[in-house]
Each structure stands twice: as C-alpha cells, then as structure tokens.
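Asks: What follows is a protein structure lacking sequence information:
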C-alpha cells in the first residue's frame, strides 16, 4: 500500500538560497610549477602537475569533457590558483636549484650549510631560502625559526624524523613555510606519546607551524600524531599536492585561518576531527575549500569541518567514518564527488553565528528556530549514509543542480532531510530515503517538482523503488542501501501535478543509488501525484 500525501499549497517563484556574499571568490589561473635550474631554461615538473597543466591547455577545446575531469582524484590546481585569498602563489614551486642548501640528518652527526644551526640532534633553519633535507633523526627535531618576512622552502628528500619529547618538525617563525615532498621520496614524521611541554601555546602536532604552511610535491609523507594532532597550522594551510597519510590520536589536519586542498591524496585517520579550519573570530577566515585532489577521512568526531564556509568545488571527499560527516555554518557542494558515512548527521549546517531570522517557509525540522546557516548544492554528487539526520541545516537549504542521495536513518527520531528554514529544489536530482517519522519535504517556493512516498511497510535495503509515468515510462529508479519507510524523489523528469505509479522490484542498471531501470517483474504499490507533499511536525535535530 502507498500512502498518498495531501496537496500542498500552490508553488510560487523560487526562493534562491545563496552564500555568494559569503563565499571567497578565488581566481583560478594556469601556471607550470617545478624546480628551475639557474643555468637552464628547462623547468622540471612533477608528473601530476604536468598532467594538470596539459588538461588546462586543452580546456577550451573540450569544455564538456574537462568539466568531468575536475572530479578526478588526482587533479592538481595550478600554483597560483588561490593567490588572491591565501598565502600561496606561483613562485612557491619555482626556485633556483643551484641555490639549494643541503642538510644531512644523522643521529649525533647532522650537517648543514649557511642558514642552519646544529645543536646535538636539533637542527634549526634561521633564514629565508631553499633547504634540501635527507637522512634521519631517531630522537631529534627540525625547527624553522626565520624572520617574520622570510619565506622558507624545505624539500623533504627521504627524511625520517622522530621525537621522544614532542614534535619532530616545528615552524616557530617565518612569513611562509613550504614543505616540498621530492618526487619518489618517502618521508615520515613521528611525535612523542606525550609532550614535555604541554602548555597552551606549545606545539601539539607532529607537524606544527605558527606560520602559513604549504605542502606540495609528488613524494609521500606519513605523519604520526601519537600524543595529539597530526598536522596543525596556526595560520593558513594549503595542501597543494603529495601523497600524505595522517594518523592522529586527536585531530588529523587543522588550519586556523583556512584550509585549501588543491591536489594530491590525503588519507586521514583521526580520533577527533578529521580535517578542519577553526578561526571563527575574524571575517573571511575559518573556511575550508576542496578545489581538487582526493581526501579520505575516518574520524572519531566530525569528518570535515569549517568554522564558517565549507566548499567542495572539485575532486573527491570520502568520509568513511564519523559522528558528523561535514559540518560548517555554510556548506556548498559545487562539483566533485562527496561521500559521507556518519553515526549522527551526515551534512550539518550548524555552529558559528546564530543570526536568528525567525520562522521559515518550509517549516523544516518542525518549525524550529531558523538561524544563519545554509546548505547549497549546485553541482557534483553528494551521497550520504547517516544514522542521524542526512542533510541537516539549522537555516535554509537549496539544491539547484548535481545529484543528492541520502540513505538516512531507520529510526523515527531523525530524518533523511532536516531543514529548519525552507528547502528549495530548483534543479538536480534528489533521492532522500529514510524513516517516516521525521519527513521534511521541498518547500512551496521550489520550481522543480517531485514525489513523496510514504510506505505502508518498510522496503528492505537493496530493493529497487521505481516511479513510472502514465504511459509506463520509468522516470525514476532508486535502490537504497538501508531499509526505508519513506522517499522524497525530485528530478527534471517529474512534472508537477502529474500522477505516477510506484513499483518495487524490477531490474536496475546499478545495485544502489539513483539508476536506470525497467518494470520487468516489478510489483505495483500505488499512485502518487507530483508536488503533493505532507511534512512531519516533529522537532528538528541539532
């Protein structure tokens, strides 16, 4: 049996929820990167950067093809991509190889050139320049203590650092520090199980910087945060490239003012938050943007988190384990591929400034207080598997493009969608499945129609639900990964006011998610009218 919802109020012009005034407009420009030899006109590029440059050159000739390429897990944004709003520019990855200062690390026998002091197993860089490090310290430390206007570039070329008393790599002062992973090199940083100086302002991560920090290069880096965090910048943090693995007792990767992922692969396992930016006190700070690359996070708390704005423009974000998957005051998915698994809310627009505006048109979350929070999906693919609310905004939410799939909670205390303001759907494809007790539906301002299915009995995980028009054409097929009692489905194929027949079973091209299907062997459940929504009145979750 299929429960047919009551008619909703007539639709009006679309309400556009936008974070344009809050978003940081970053100027993307192509630029070759690498090490330039002073006596040669040849610039050597690592393979990933060379590939990205070639793709950028071909973009004008194949715009449609390159649009999908932006989601490539190995995508690398050119060196000056975020120059306008971060410390990073094209010069960061270009230097005179003849001016490199060699530093050889060895227990009790480290050696270095100008700009470096060696005191036992503590090696300190004191001036601007490019330093190539190799070797190992079994119980030592590399310190960058340069001038406040100095840019220090440290090339890790087969380095293994460990400390029994604290952090093995610390930037105490510089204008900017760049950690470059030499192509083909393997580098490891391991801190102590407990720090001799646990003070508030003392280092608390295996890789710790008081200055703007950039990680780049085609080599690999393993960071073991045994006492607390993995990588921390108390200023800005740009992750430009590299094959980086972080394991941390508490937080994995943290930037204060911002975190920008441009390319490379970052695999983070953390007991606390996975990757986050924290500055909620200064305007234009506390943001996190994924411009490309691949981020994989398994966390004991929030997966990917920003104090203000969290944006995915391209690349891949995969939160395999978390309490809350993505969390920020404003969350925008504009491209790329995002997959979230969470024990609580999957995508949660919360925290930050409350800025209450009063009741919302959609009565999302049962008419709870509506704050200055937004979730916006304009492109890409967002897939959520949550035990709490799936897509949750303590303010408004809008979907104008892309694909949103929610495999929401099976318990009635949470819902696949939970929007305290209004949820507007003006494009894209949406399938939100979950329990029937806390259903939030698209608001009356939505310009794209959809259907609401309230099922008389639970549909088991792996069972296809198919929606067919009056002529028998399948206009929507969805296979949930969990048992479901309700489904909100919206796409351009659904015509407002039309009657559709709903089936279970049949054949589908894929075994999960939004797919294509036929009605061969399907069982009819009943009919439903597009645009007729009934919303539950339970309290909204936090």
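Replies: Thanks, I have the structure now. This one's a predicted model, so the numbers in the text were calculated from it and none came from an experiment.

Asks: got any ranges where the chain has weak pLDDT?
Replies: The chain contains residues with pLDDT under 70 at 1-81, 352-368, 536-542.

Asks: Please repeat the previous calculation with a cut-off of 50.
Replies: Scanning the chain for pLDDT under 50 picks out 1, 3-76, 78-79, 352-366, 537-542.

Asks: In it, where's the longest strand?
Replies: In terms of residue count, the longest strand belonging to the chain (DSSP state E) is strand 151-162.

Asks: how many neighbours does residue 253 have?
Replies: Neighbourhood size, residue 253 [other CB atoms under 10 Å]: 33. Any C-beta I mention is one placed from the backbone N, CA and C, and that applies to glycine too.

Asks: partners of the longest strand of the chain in the sheet?
Replies: When pairing is defined by DSSP bridges, strand 151-162 lines up against strand 129-137 (parallel), strand 176-181 (parallel), strand 186-190 (parallel).

Asks: Any idea how far that strand is from the middle of the chain?
Replies: The chain centroid and the centroid of strand 151-162 are separated by 27 Å under CA atoms, centre = their mean, to the nearest Å.

Asks: Then stretch 123-143?
Replies: The mean C-alpha position of stretch 123-143 is separated from the chain mean by 32 Å, CA atoms, centre = their mean.

Asks: Likewise for stretch 370-380?
Replies: The answer for stretch 370-380 is 14 Å, by CA atoms, centre = their mean.

Asks: swap in stretch 248-265?
Replies: Using CA atoms, centre = their mean, the offset of stretch 248-265 from its chain centre is 10 Å.

Asks: before we move on, what about stretch 417-429?
Replies: 20 Å.

Asks: now do stretch 274-290
Replies: Relative to the chain's own centre, stretch 274-290 is displaced by 12 Å; criterion: CA atoms, centre = their mean.

Asks: for that stretch, which positions count as buried?
Replies: Buried residues in stretch 274-290, counting neighbours by 16 or more other CB atoms under 10 Å, are found at 274, 275, 276, 277, 278, 279, 285, 286, 287, 288, 289, 290.

Asks: Span of it from start to end?
Replies: Taking CA to CA, to the nearest Å, the first and last residues of stretch 274-290 lie 14 Å apart.

Asks: Show me which pair in the buried residues of stretch 274-290 is furthest apart.
Replies: Farthest-apart pair in the buried residues of stretch 274-290 is 274 and 285; separation 19.8 Å (CB to CB).

Asks: Let me know the distance separating the spatially most central residue of the chain from residue 236.
Replies: Centroid-nearest residue in the chain: residue 317, 4.9 Å away (criterion: CA atoms, centre = their mean). Residue 317 sits 20 Å away from residue 236, going by CB to CB, to the nearest Å.

Asks: Residue 427 now?
Replies: Using CB to CB, we find residue 427 at a distance of 34 Å from residue 236.

Asks: got the contact list for the residue nearest to the centre of the chain?
Replies: 290, 295, 297, 304, 326, 336, 337, 338, 339, 340 (CB atoms under 8 Å, 6 or more residues apart in numbering).

Asks: The same query, at a cut-off of 7 Å, please.
Replies: Shown in contact with residue 317 (CB atoms under 7 Å, 6 or more residues apart in numbering): 290, 295, 304, 336, 338.

Asks: Which parts of the chain are helices?
Replies: Using DSSP state H, the helices of the chain run over 47-57, 63-69, 364-367.

Asks: Reformat the strands paired with strand 151-162 into CSV and put distance to residue 392 and mean neighbour count next to each item.
Replies: Formatted as CSV, the strands paired with strand 151-162 follow (distance: least, CB to CB, whole Å; neighbours: other CB atoms under 10 Å):
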stretch, distance to residue 392, mean neighbour count
strand 129-137, 45, 20
strand 176-181, 36, 26
strand 186-190, 36, 21
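
Asks: Output the ones you listed as TSV; include the columns distance to residue 114.
Replies: Output for these, formatted as TSV (distance: least, CB to CB, whole Å):
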stretch	distance to residue 114
strand 129-137	8
strand 176-181	18
strand 186-190	23
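
Asks: Relative to residue 370, which of those is closest?
Replies: When the strands paired with strand 151-162 are ranked by proximity to residue 370 (CB to CB), strand 176-181 comes first, at 40.8 Å.

Asks: Out of the strands paired with strand 151-162, the one nearest residue 210 is which?
Replies: strand 176-181 (9.1 Å).

Asks: Show the end-to-end separation of stretch 118-135, please.
Replies: One end of stretch 118-135 to the other measures 14 Å (CA to CA).

Asks: From the chain's centroid, how far away is that stretch?
Replies: 34 Å.

Asks: what does that stretch rub up against?
Replies: When contacts are defined by CB under 7 Å, 6+ apart, stretch 118-135 is touched by residues 95, 99-108, 110-112, 115-117, 137, 139-146, 150-159.

Asks: Separate out the buried members of those.
Replies: Members of the contacts of stretch 118-135 classed as buried by 16+ other CB under 10 Å are 95, 100-101, 103-105, 110, 112, 115-116, 137, 140-146, 150-159.

Asks: related to what we said a few turns ago, columns distance to residue 490 on top of the buried residues of stretch 274-290, output as a markdown table?
Replies: Converted to a markdown table, the buried residues of stretch 274-290 look like this (distance: CB to CB, whole Å):
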| residue | distance to residue 490 |
| --- | --- |
| 274 | 30 |
| 275 | 31 |
| 276 | 32 |
| 277 | 32 |
| 278 | 35 |
| 279 | 36 |
| 285 | 35 |
| 286 | 32 |
| 287 | 29 |
| 288 | 28 |
| 289 | 27 |
| 290 | 26 |
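
Asks: which ones among the residues you listed are found in strands?
Replies: Using DSSP E, the subset of the buried residues of stretch 274-290 located in strands is 275, 276, 277, 287, 288, 289, 290.

Asks: Please name the spatially closest residue to the fifth one (chain neighbours excluded).
Replies: Going back to what we said before, that points to residue 288. Take residue 288 and drop its neighbours on the chain: the residue closest to it by CB to CB, 6 or more residues apart in numbering is residue 306, 4.0 Å away.

Asks: now do the first one
Replies: On the basis of CB to CB, 6+ apart, the spatially nearest residue to residue 275 that is not a chain neighbour turns out to be residue 253, at 4.5 Å.

Asks: correct me, but that neighbour touches residue 269?
Replies: No: with contact defined as CB atoms under 7 Å, residue 253 does not reach residue 269; the gap is 11.1 Å.

Asks: residues making contact with stretch 267-285?
Replies: So stretch 267-285 is contacted by 24, 230, 245-259, 286-288, 295-308, 319, 322, 352 (CB under 7 Å, 6+ apart).
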